[in-house]
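Fold the following for me, if possible:
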Amino acid sequence: MKPSPRRAHTVARDLLSLTRSGEADRLAAALMSTASPTREGPALGDVVGRLVDTFSLAAKDRRRSLRIREPFTLRLRDPAGLTVRPDKLDPGVAAIVRAIAASVRDDRDTCADQIGAACANADLDRRIRVLAHCLVWTSDFLSTDTTAYPPVLSCLKGSQPQRPQ
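The predicted model follows:
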């Protein structure tokens, strides 16, 4: 059975609701289920695509309402609040940052390529990391003051490759 976009939309909406409600146990189970490569239902890339679209539409609306004309920008922060460059992130998480930027620019091909790079052939840990970042970023952006711009994306612990000590 080919997953329908409607089902991916429903899964993304349900995940956002769980993220916003703070139901940690249910959210953890839903993350595992959605990220599992063997799951029934919409593919991870379809769900991530819906979350990226949701973020992108909100960013476009905010830019339009604030009359922002410069190119789209966003800021990445690590758990300590320090600025992070996308190239220093886990490759899957960095791909989602690029997918969001491409989606805001209406570059559907690049967006789809980046979502594919983030989700395809990834192990379960990376799939969960990608999905968790999409959920947190989208939920946070939808919950912030509508005059807050540019978006500040908080990178979760483990999103940066380990550095030798």
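
where does Glu40 land in three-state SS?
Classification of Glu40 using DSSP: H, G, I helix; E, B strand; the rest coil returns coil.

What is the burial count for it?
8 (other C-beta atoms under 10 Å). For glycine as for every other residue, the C-beta is placed from the backbone atoms N, C-alpha and C.

For the residue most central in space within the chain, which non-adjacent residue is spatially closest?
Among the residues of the chain, the one closest to the centroid is Cys134, at 2.0 Å (C-alpha atoms, centre = their mean). Counting by C-beta to C-beta, 6 or more residues apart in numbering, Cys134 lies nearest to Leu51, which is 4.1 Å off, once chain neighbours are set aside.

does the one you found belong to a helix or a strand, and which?
Following DSSP states H and E, one finds Leu51 within helix 44-65.

If you count contacts, what does the helix or strand following that helix end up packed against?
As assigned by DSSP H and E, the chain's next helix or strand after helix 44-65 is strand 75-77. Helices and strands touching strand 75-77, by 3 or more C-beta pairs under 8 Å, 6 or more residues apart in numbering; DSSP states H and E, are strand 152-154.

Show me how far the strand it packs on is from its chain's centre.
Put simply, strand 152-154 sits 11 Å off its chain's centre (C-alpha atoms, centre = their mean, to the nearest Å).

contacting residues around it?
The contact list for strand 152-154 (C-beta atoms under 8 Å, 6 or more residues apart in numbering) reads Leu74, Arg75, Leu76, Arg77, Pro79, Val97, His133, Val136, Trp137, Asp140.

For PyMOL, write the select line for the buried members of the residues you listed.
Buried residues among the contacts of strand 152-154 (16 or more other C-beta atoms under 10 Å), as a PyMOL selection:
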select buried, resi 74+76+97+133+137+140
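
Mind telling me the two of the contacts of strand 152-154 farthest from one another?
The span of the contacts of strand 152-154, defined through C-beta to C-beta, is set by Leu74 and Pro79 at 17.2 Å.
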